[in-house]
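Asker: No letters, just coordinates:
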Ligand code: ADE
Ligand code: ZN
């Protein structure tokens with residue numbers, strides 16, 4: 001009896017969503033045309049057909065191509081407004097949103113175009129809908145650590161408007177320990193930190209992530225493979241920002257019924273539900289709650305706890 005209306009009625013936070021990963025196919029094609037960016041897909045139908053991913057690296061190839069259509073301040077502003085309008089209707093009262101600037105910087109987009117466009121939308125959405133939206137700047141782990149450190153210097157003028165620092169992209173072969181100096185420097189500058197870990201790589205990557213002293217773990221699916229690690233994550237109270245529809249779409253788990261989120265929740269881990277890259281994976285945050293409830297038989301009480309966990313795991317002061 002879990003329907004979308006019940007899930008929407010729960011006040012909740014979204015803590016794991018990549019702004020460039022919220023770009024809808026029709027919007028991406030419009031941006032490509034307007035900005036003179038060529039794409040290998042000519043229609044919305046063709047683009048949607050490409051959203052059939054073998055794994056995380058295959059998805060990232062498409063994501064970076066699609067994200068490359070964003071070029072102007074208005075593109076970033078509109079994207080953030082569209083996302084916040086959608087999740088406001090889903091009962092999201094607070095959002096801490098990843099922006100992966102390196103993709104855009106590579107295409108020659110100045111950092112102020114990205115950050116000022118996004119932050120202006122966050123302010124306007126706050127005034128219009130009362131939603132509290134915050135910015136987390138993410139670095140990509142397939143690059144050298146020096147490039148991540150350069151990003152910290154680049155965003156220095158926005159330090160007070162950036163709630164934290166995160167890290168995504170191709171996980172396997174790029175372990176958390178590769179970025180030990182980067183995370184230490186981010187923490188020294190006063191940022192909260194998080195990292196994708198245990199999505200496409202084993203539990204040992206989560207152990208390394210904890211060694212970095214991060215405040216949250218993004219995904220953390222592999223935690224469930226290691227009983228000692230389950231206990232450690234539960235005892236530490238480090239939240240996992242899990243994304244069940246993403247994990248099915250990228251073949252991290254075979255089905256929602258096989259997702260470990262309920263087992264981890266039962267073990268006392270601070271589990272939260274999130275969307276990651278909603279149009280790519282078939283659903284926004286409320287859809288992730290509904291689909292998880294259907295796949296795992298979650299009760300209203302469990303969904304309420306997941307929503308409460310998300311609000312308790314926010315970095316921004318309430
Ligand atoms: N960037 C966008 N979505 C991601 C994911 N699921 N894992 C790693 N990097 C990402
Ligand atoms: Zn992610």
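Answerer: Looks like it came in fine. On a predicted model such as this, the values are computed, not experimentally measured, just so you know. Numbers count the residues shown, from 1 in each chain. Ligands and ions are numbered 1, 2, ... in the order given.
Asker: from the stretch 1-150 of the chain, which residue is nearest to ligand 1?
Answerer: Evaluated by CB to the nearest ligand atom, the stretch 1-150 of the chain has residue 18 as its residue closest to ligand 1, separated by 4.2 Å. Quick note: C-beta positions are derived from backbone N, CA and C, even for glycine.
Asker: Could you find the closest non-adjacent residue to that residue?
Answerer: The shortest distance from residue 18 to any residue other than its chain neighbours is 4.6 Å, reached at residue 98 (CB to CB, 6 or more residues apart in numbering).
Asker: quick one: secondary structure of the one you found?
Answerer: strand (DSSP: H, G, I helix; E, B strand; the rest coil).
Asker: Test my guess that it contacts residue 15.
Answerer: No: because the distance of 9.5 Å does not satisfy CB atoms under 8 Å, residue 98 is recorded as not touching residue 15.
Asker: Neighbour count for the two, which is higher?
Answerer: Each of residue 98 and residue 15 has its neighbours counted (other CB atoms under 10 Å); residue 15 has more, 29 against 25.
Asker: For the more buried one, which residues are in contact?
Answerer: Under the criterion of CB atoms under 8 Å, 6 or more residues apart in numbering, the neighbours of residue 15 are 95-96, 216, 239, 241, 272, 274, 310, 313-314.
Asker: let's go with 7 Å and repeat that
Answerer: Neighbour list for residue 15: 96, 216, 241, 272, 274, 310, 313 [criterion: CB atoms under 7 Å, 6 or more residues apart in numbering].
Asker: Filter the residues you listed down to just the buried residues.
Answerer: Neighbour-count burial within these applies to 96, 216, 241, 272, 274, 310, 313; the criterion is 16 or more other CB atoms under 10 Å.
Asker: just to revisit the earlier point, so the residue of the stretch 1-150 of the chain closest to ligand 1 is in contact with residue 277, correct?
Answerer: Yes: the criterion here is CB atoms under 7 Å, and residue 18 meets it with residue 277 at 5.5 Å.
Asker: which sections of this structure are below the confidence cut-off?
Answerer: The chain contains residues with pLDDT under 70 at 1.
Asker: Up against ligand 1, what does it have?
Answerer: Taking CB under 6 Å from any ligand atom as the criterion, the neighbours of ligand 1 within the chain are 18, 21, 56, 63, 168-169, 196, 199, 246, 276-277.
Asker: Is it possible to get JSON lines of the residues you listed that adds secondary structure and neighbour count?
Answerer: JSON lines is the format used below for the residues of the chain next to ligand 1 (DSSP: H, G, I helix; E, B strand; the rest coil; neighbours: other CB atoms under 10 Å):
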{"residue": "18", "secondary structure": "strand", "neighbour count": "22"}
{"residue": "21", "secondary structure": "helix", "neighbour count": "22"}
{"residue": "56", "secondary structure": "helix", "neighbour count": "23"}
{"residue": "63", "secondary structure": "helix", "neighbour count": "22"}
{"residue": "168", "secondary structure": "strand", "neighbour count": "25"}
{"residue": "169", "secondary structure": "coil", "neighbour count": "20"}
{"residue": "196", "secondary structure": "strand", "neighbour count": "29"}
{"residue": "199", "secondary structure": "coil", "neighbour count": "24"}
{"residue": "246", "secondary structure": "helix", "neighbour count": "28"}
{"residue": "276", "secondary structure": "strand", "neighbour count": "31"}
{"residue": "277", "secondary structure": "coil", "neighbour count": "26"}
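Asker: hang on, the earlier thing: contacts only, for the residue of the stretch 1-150 of the chain closest to ligand 1.
Answerer: Residue 18 makes contacts with 98, 100, 168, 276-277, as judged by CB under 7 Å, 6+ apart.
Asker: again with residue 90
Answerer: Applying CB under 7 Å, 6+ apart, one finds that residue 90 lies in contact with 8, 284-286.
Asker: 8 Å - rerun?
Answerer: Counting by CB under 8 Å, 6+ apart, residue 90 makes contact with 7-8, 12, 284-286.
Asker: farthest pair in those residues?
Answerer: The widest separation within the contacts of residue 90, taken as CB to CB, falls between 12 and 284 and amounts to 11.5 Å.
Asker: quick one: which of these two has more around it?
Answerer: More crowded of residue 12 and residue 284, by other CB under 10 Å: residue 12, with 29 against 22.
Asker: Quick check: which element contains the residue nearest to that one when sequence neighbours are not counted?
Answerer: Closest residue to residue 12 in three dimensions, ignoring its sequence neighbours and counting by CB to CB, 6+ apart: residue 307, at 4.1 Å. Here residue 307 sits within helix 300-312, counting by DSSP states H and E.
Asker: Then residue 112?
Answerer: Counting by DSSP H and E, the secondary-structure element that holds residue 112 is helix 111-129.
Asker: what packs against that helix?
Answerer: If contacts are counted by 3 or more CB pairs under 8 Å, 6 or more residues apart in numbering; DSSP states H and E, helix 111-129 sits against helix 73-89, strand 92-99, helix 101-106, strand 132-140.
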